[in-house]
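Novice: model this:
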Amino acid sequence: MIDNAESLTGPKALGTFLRAQRERVTPEMVGLPGSSRRRTSGLRREELAQISGISATWYTWIEQGRDVSISATTLDSLAKSLRMEPAAREYLFSLASVKDPQALPASGAPDINLTACVNQLTCPGYLLDSCWNVLAWNPQAQALFSGWLGVDEAPNLLNFMFLHPLARQLVTNWAERAKRVVAEFRAETSHYAHSEAVRQSVISLRERSTEFNQWWTQQEVLAREGGERCFNHPLQGKISYRQQTFFPAGYAECKLVILVPEG
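Specialist: Alright, predicted model coming up:
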């Protein structure tokens with residue numbers, strides 16, 4: 001039967017996941033002697049606790065789904081003892097709401113194949129990282145944001161919106177859009193709560209932009225959404241697009257923004 005009460009997050013989900021992983025690891029896989037008398041082929045709780053360097057009682061509480069505080073060190077030991085693949089390890093830390101100290105930081109430059117995908121687009125498209133630095137863009141995007149993309153050595157969408165004079169001329173209803181951008185960025189920071197780069201980005205903008213600081217302190221949170229995006233282009237006049245945002249597989253901190261021409 002399907003358990004309709006199954007939780008996808010929280011201590012219960014963490015305990016269920018650890019139990020499933022434990023039952024998949026045989027004693028032989030971790031250097032322990034096997035026995036034909038064992039009732040299960042997987043590790044016992046006591047065995048996993050021992051090779052992970054934690055008490056059996058403590059591990060039992062975790063697997064039972066009790067609401068206990070779990071350190072990154074404990075999760076790291078469990079992940080290693082259970083021979084977890086990267087995806088399983090990432091899921092483990094995510095369930096525990098703990099930052100993985102061994103998580104690789106986002107690369108400053110996207111993979112060449114991902115950049116090639118951006119250049120294959122026939123409409124404006126660009127890649128953003130967790131701080132909304134623009135990692136790559138195509139010629140159509142550069143033409144739309146002429147005077148910024150291709151000129152700024154380290155383009156950042158937030159800095160553009162609040163610090164670049166072109167933004168207030170180019171973006172239709174700038175104040176409305178900029179306020180929403182702040183709420184969208186705040187929503188995304190929940191995924192990067194331990195990111196020093198994101199924290200410093202917010203601090204810098206609060207110091208340099210009165211509007212950003214005002215809207216940031218209002219604590220509004222909105223999901224990043226598509227929809228109409230209008231511009232007053234100096235050469236093309238009034239133009240509008242439908243924005244679509246995608247998250248490329250294998251690039252957890254990247255998002256691909258595409259502006260599809262209306263009509």
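Novice: report the longest strand in this structure, please.
Specialist: strand 237-246 (DSSP state E).
Novice: how distant is the helix or strand of the chain with the lowest mean pLDDT from the center of its chain?
Specialist: Lowest mean confidence among the helices and strands of the chain (mean pLDDT, DSSP states H and E): helix 86-96, at a mean of 85. A distance of 13 Å separates the centroid of the chain from that of helix 86-96, by CA atoms, centre = their mean, to the nearest Å.
Novice: Can you tell me the strand partners of the longest strand of the chain and which way each runs?
Specialist: strand 227-233 (antiparallel), strand 255-261 (antiparallel) (DSSP bridges).
Novice: Report all helices and strands that the least confident helix or strand of the chain contacts.
Specialist: Helices and strands touching helix 86-96, by 3 or more CB pairs under 8 Å, 6 or more residues apart in numbering; DSSP states H and E, are helix 10-24, helix 72-81. From N, CA and C alone the C-beta is placed, and that goes for glycine too.
Novice: what about the nearest residue to N156 once chain neighbours are set aside, neighbour count?
Specialist: Using CB to CB, 6 or more residues apart in numbering and skipping the chain neighbours, the partner closest in space to N156 is N133 (5.0 Å). Neighbour count for N133, taken as other CB atoms under 10 Å: 18.
Novice: which residues sit in contact with N133?
Specialist: 154-157 (CB atoms under 8 Å, 6 or more residues apart in numbering).
Novice: could you dump those to CSV with distance to H233, secondary structure and neighbour count?
Specialist: Shown next, in CSV, are these (distance: CB to CB, whole Å; DSSP: H, G, I helix; E, B strand; the rest coil; neighbours: other CB atoms under 10 Å):
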residue, distance to H233, secondary structure, neighbour count
A154, 24, coil, 8
P155, 18, coil, 20
N156, 21, strand, 20
L157, 17, helix, 19
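Novice: Which one of these is nearest to V118?
Specialist: Distance to V118 across the contacts of N133 (CB to CB) is lowest for P155, with 13.8 Å.
Novice: Hmm, the closest one is touching A141, no?
Specialist: No. Under the criterion of CB atoms under 8 Å, P155 makes no contact with A141, lying 10.2 Å away.
Novice: Name the residues that touch the least confident helix or strand of the chain?
Specialist: Contact with helix 86-96 is made by 9-10, 13-14, 17-18, 21, 70, 72, 75, 78-79, 82, 84, 99-100, 103, as judged by CB under 8 Å, 6+ apart.
Novice: at 7 Å instead, please
Specialist: 9, 13-14, 17, 21, 70, 75, 79, 84, 100 (CB atoms under 7 Å, 6 or more residues apart in numbering).
Novice: Which element is encountered next along the chain beyond that helix?
Specialist: Sequence-wise, the next helix or strand downstream of helix 86-96 (DSSP states H and E) is helix 112-120.
Novice: Bridged to V171, which residues?
Specialist: Bridge pairing for V171 (DSSP bridges) gives the partners F231.
Novice: That one is in contact with K179, isn't it?
Specialist: No. In this structure V171 lies outside contact range of K179 using CB atoms under 7 Å: 11.7 Å.
Novice: if we can go back for a sec, overlap in contacts of P155 and A141?
Specialist: Common neighbours of P155 and A141 (criterion: CB under 7 Å, 6+ apart): L149.
Novice: sorry, back to before: can you list the helices and strands packed on helix 86-96 in a markdown table and add mean neighbour count, mean pLDDT and distance to T57?
Specialist: A markdown table is the format used below for the helices and strands packed on helix 86-96 (neighbours: other CB atoms under 10 Å; pLDDT from 0 to 100; distance: least, CB to CB, whole Å):
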| stretch | mean neighbour count | mean pLDDT | distance to T57 |
| --- | --- | --- | --- |
| helix 10-24 | 17 | 90 | 14 |
| helix 72-81 | 19 | 94 | 13 |
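Novice: Generate TSV for the ones you listed, with distance to L95 as supplementary columns.
Specialist: What follows is the helices and strands packed on helix 86-96, written out as TSV (distance: least, CB to CB, whole Å):
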stretch	distance to L95
helix 10-24	4
helix 72-81	9
